[in-house]
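Novice: A structural model of the following input is requested.
(chains A and B)
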Amino acid sequence: ETGVTQTPRHLVMGMTNKKSLKCEQHLGHNAMYWYKQSAKKPLELMFVYNFKEQTENNSVPSRFSPECPNSSHLFLHLHTLQPEDSALYLCASSQGTGINSPLHFGNGTRLTVT
Amino acid sequence: GNSVTQMEGPVTLSEEAFLTINCTYTATGYPSLFWYVQYPGEGLQLLLKATKADDKGSNKGFEATYRKETTSFHLEKGSVQVSDSAVYFCALSVGTGNQFYFGTGTSLTVIP
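Specialist: Have a look, this model is predicted:
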């Protein structure tokens, strides 16, 4: 399998639930990202990991907790979310973190918080 | 600061029509510029890029030229197809840490 794979594709959870999103990249990249995509808004960068080290936390609420056990896997742990957190969550990877390193995206997890 | 502004959609065109989607940017430093495309139910895919002034990125019949003097990176295609129906995002990358800034996206629908 190639590219960036995200699971699950769809997730519905209550505000008191705990769930996790998973991302795996098969491109040999060393940087991984979480983005939030909401309607009518630019993509919002949430977290960046470079060689498993978190290099960016874009003022994300603590109810979102990332984990990067190695350069190929990235998780986003969710707990006590709010309805406004409903969105498409996109994982991406890149070869490096220089400005010429394009992002490669997965197909996203559509999250609905009820 | 850094930001991207792209034309509001949605855009509806007939097959074989000419497409232009406008994109302008503000950036501190010298950015690289990108167009991404998102088909229904999928993530974003890189369509083309340009890394310095006057560079032209091209792919699948789409083109965009990095215009530093007008801080623009407009996307064009001479003859669109139904399969080009998607949302198109203009983006820039600048500075260390691969900071990407995306526009809000422009939805394109091509009708037969």
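
Novice: got phi/psi on residue B:57?
Specialist: The phi and psi torsions at residue B:57 (degrees, to the nearest 10) take the values phi -90, psi 140.

Novice: for it, give its distance to chain A.
Specialist: In this view, residue B:57 and chain A are 11 Å apart by Cβ to the nearest Cβ, to the nearest Å. Glycine gets a C-beta too; all of them are placed from N, C-alpha and C.

Novice: give me the neighbour count for that residue.
Specialist: Neighbour count for residue B:57, taken as other Cβ atoms under 10 Å in any protein chain shown: 21.

Novice: got the contact list for it?
Specialist: Shown in contact with residue B:57 (Cβ atoms under 8 Å, 6 or more residues apart in numbering or on different chains): B:33, B:35, B:48-50, B:63-66.

Novice: show the subsequent helix or strand relative to the strand ranked longest in chain B.
Specialist: Determined from DSSP state E, the single longest strand within chain B is strand B:86-94. Scanning forward in sequence from strand B:86-94 by DSSP states H and E, the next helix or strand is strand B:99-102.

Novice: what's that next one packed up against?
Specialist: Where contact means 3 or more Cβ pairs under 8 Å, 6 or more residues apart in numbering or on different chains; DSSP states H and E, strand B:99-102 is packed against strand B:3-6, strand B:86-94.

Novice: output those in CSV, with mean pLDDT and mean neighbour count appended to each entry.
Specialist: Shown next, in CSV, are the helices and strands packed on strand B:99-102 (pLDDT from 0 to 100; neighbours: other Cβ atoms under 10 Å in any protein chain shown):
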stretch, mean pLDDT, mean neighbour count
strand B:3-6, 93, 19
strand B:86-94, 93, 23
